[in-house]
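Peer 1: Provided below for reference: sequence and predicted model.
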Amino acid sequence: MERLKSHSEFVAVLKRRHKVSRNDIVVHYLVRDDSYTKGNVAPEDRRLGLAVSKSVGHAVTRNTVKRRFRVLASRYEERLPEGCDIVLRAKPSAATASFQSLDEQIASSFAKVASRIEQGR
């Protein structure tokens, strides 16, 4: 899964206000259209951005949460449609959540995102 790198890419996803919320995470999503030609982005690429604020914990805790999110997102990325940008935002409770719990939340969130996109919402 590619990464969202610039601030403007994060803002583009967050401005759309399409999101799915779970206990420990919020998934913001955007499906890029044909007019998006910025950089070397292939139209079929799925891209991931992570937002883990200081409210989650100290640097070690935040980095642990980010590593978990990356692993889990790559595990379930095939559930998302092509050309989808995702920002995973950690709630403070994500720091103490088990890996299994985050796994279930991301799996169900990605499935919910895919079904909403299919329905055109």
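Peer 2: That came through fine.

Peer 1: in this structure, which spans are helices?
Peer 2: 7-15, 59-76, 99-119 (DSSP state H).

Peer 1: out of these, nearest to Cys84?
Peer 2: helix 99-119 (7.1 Å; CB to CB). (Each C-beta comes from the backbone N, C-alpha and C, glycine too.)

Peer 1: ok, now which ones touch the residue lying closest to Asp103 once chain neighbours are set aside?
Peer 2: Spatial nearest neighbour of Asp103, chain neighbours left out: Leu72 (5.7 Å); criterion: CB to CB, 6 or more residues apart in numbering. By CB atoms under 8 Å, 6 or more residues apart in numbering, the residues touching Leu72 are 102-103, 106-107.

Peer 1: TSV for those residues, including neighbour count and distance to Asp33?
Peer 2: Output for the contacts of Leu72, formatted as TSV (neighbours: other CB atoms under 10 Å; distance: CB to CB, whole Å):
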residue	neighbour count	distance to Asp33
Leu102	22	31
Asp103	16	31
Ile106	24	25
Ala107	14	27
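
Peer 1: between the residues you listed, which sits nearest Leu14?
Peer 2: Ile106 (18.3 Å).

Peer 1: distance of the residue lying closest to Phe99 once chain neighbours are set aside from Gln100?
Peer 2: Excluding its sequence neighbours, the residue lying closest to Phe99 (CB to CB, 6+ apart) is Arg68, at 6.2 Å. Distance, Arg68 to Gln100, by CB to CB, to the nearest Å: 11 Å.
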